[in-house]
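Participant: Coordinates for the following, if possible.
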Amino acid sequence: RVQAYQHKLRRAEQLKHRRDDAPKDVLKHEFRSWWDGRKAYEEIMDRKARQAQKEWKIQVSVIVERLPVVLPDREDFEKEFEDLQAYLGSHS
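Facilitator: From the prediction side, this is the model:
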């Protein structure tokens, strides 16, 4: 058993992993570079607005649309099966 475990560990060290040479945190760094610049810009604009004694005016609008789900009519066997389930459920 010990030999099998040691063999497993040796094999795991020898195998390549799919992320060994891949760059890591690429999307995180890309987002942070955008976010840090945006945050600095917002802070500058906020400072200028406070110096000019202007208040922020927040305007928001939202539209939510729920598209209808159109299903085909049930087949006869599906209707019969549902009726049978309802009948059995009422008597159990």
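
Participant: So, low pLDDT: which residues of the chain?
Facilitator: Within the chain, the segments meeting pLDDT under 70 span 20.

Participant: could you redo the last one with a cut-off of 90?
Facilitator: 1, 9-25, 46, 49-50, 54-61, 66-74, 90-92 (pLDDT under 90).

Participant: Looking at it, which helix is longest?
Facilitator: The single longest helix within the chain, with elements called by DSSP state H, is helix 26-51.

Participant: Which other helices and strands does that one contact?
Facilitator: Applying 3 or more Cβ pairs under 8 Å, 6 or more residues apart in numbering; DSSP states H and E, we find helix 26-51 packed against no helix or strand. C-beta coordinates here come from the backbone N, C-alpha and C atoms, glycine included.

Participant: Now the element after it, going C-ward?
Facilitator: Counting by DSSP states H and E, the element after helix 26-51 in chain order, helix or strand, is helix 76-90.
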